[in-house]
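what shape does this take:
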Amino acid sequence: MKTLFKLGLLSLALLQSHPAAAHAVVTDYSLKMQPIRANQPDKVVLTFNSQVEIGLSQVFLVSKGDKHDLLKIGAGDKQGQLIVEVPALAPGDYAIKFKVFAADGHLTEDVIHFSVAQ
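The predicted structure follows:
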């Protein structure tokens with residue numbers, strides 16, 4: 001009888017539980033097809049697999065000497081898209097480091113490395 005009761009409670013608990021929520025993961029970014037041009041301001045589009053809370057998210061430009069500059073971000077045309085404004089950059093190696101909150105409250109941090117050629 002106790003075993004049957006425990007199985008019943010376990011079944012109810014499983015039925016009541018919510019599916020696990022996923023983190024916001026980058027599924028695509030414009031740097032793959034459109035490299036940043038030297039000495040010209042540009043924009044990078046980051047596409048995530050879920051909606052992103054823009055007001056709680058941050059994107060940094062990382063340059064030589066581990067210098068971090070906060071970049072301005074905005075919503076893209078599609079759900080889960082961020083538009084990142086990148087200032088004019090000299091040729092060299094850089095990274096975009098982002099900390100984004102998914103709409104479900106999960107924090108995701110990652111880095112995308114890229115180069116600017118002359």
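
confidence score at Met1?
Here, the pLDDT recorded for Met1 equals 58.

does the residue nearest to Gly92 when sequence neighbours are not counted lie in a helix or a strand, and which?
Among residues not flanking Gly92 along the chain, Val116 sits closest, at 6.0 Å (C-beta to C-beta, 6 or more residues apart in numbering). Where C-beta positions appear, they are placed from N, C-alpha and C, glycine not excepted. Element membership for Val116 (DSSP states H and E) is strand 107-116.

so where's this protein shaky on pLDDT?
Residues of the chain meeting the criterion pLDDT under 70: 1-22.

residue ranges of the strands in it, please?
For the chain, the strands defined by DSSP state E occupy 26-29, 42-48, 52-63, 67-71, 73-75, 81-86, 92-102, 107-116.

buried residues, the third one. List them.
Okay, so that is strand 52-63. 52, 57, 59-62 (16 or more other C-beta atoms under 10 Å).

picking that back up, ok, the strand holding Val116: who's next to it in the sheet?
With DSSP bridges as the test, strand 107-116 is paired with strand 92-102 (antiparallel).

what's in contact with stretch 110-118?
26, 29, 31, 35-38, 62, 89-98 (C-beta atoms under 8 Å, 6 or more residues apart in numbering).

chain center to that stretch, what's the gap?
Distance of stretch 110-118 from the chain centroid (C-alpha atoms, centre = their mean, to the nearest Å) equals 16 Å.

pull the CA atoms of that stretch into CSV?
Output of stretch 110-118 as CSV, limited to C-alpha atoms (Å, rounded to 0.1, in the frame of the first residue of the first chain):
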residue,chain,number,x,y,z
ASP,A,110,29.8,33.7,-24.3
VAL,A,111,32.5,35.2,-26.6
ILE,A,112,32.8,35.5,-30.3
HIS,A,113,36.3,36.2,-31.7
PHE,A,114,36.8,38.1,-35.0
SER,A,115,39.4,40.0,-36.9
VAL,A,116,39.3,43.3,-38.8
ALA,A,117,41.4,43.3,-41.9
GLN,A,118,42.7,46.3,-43.8
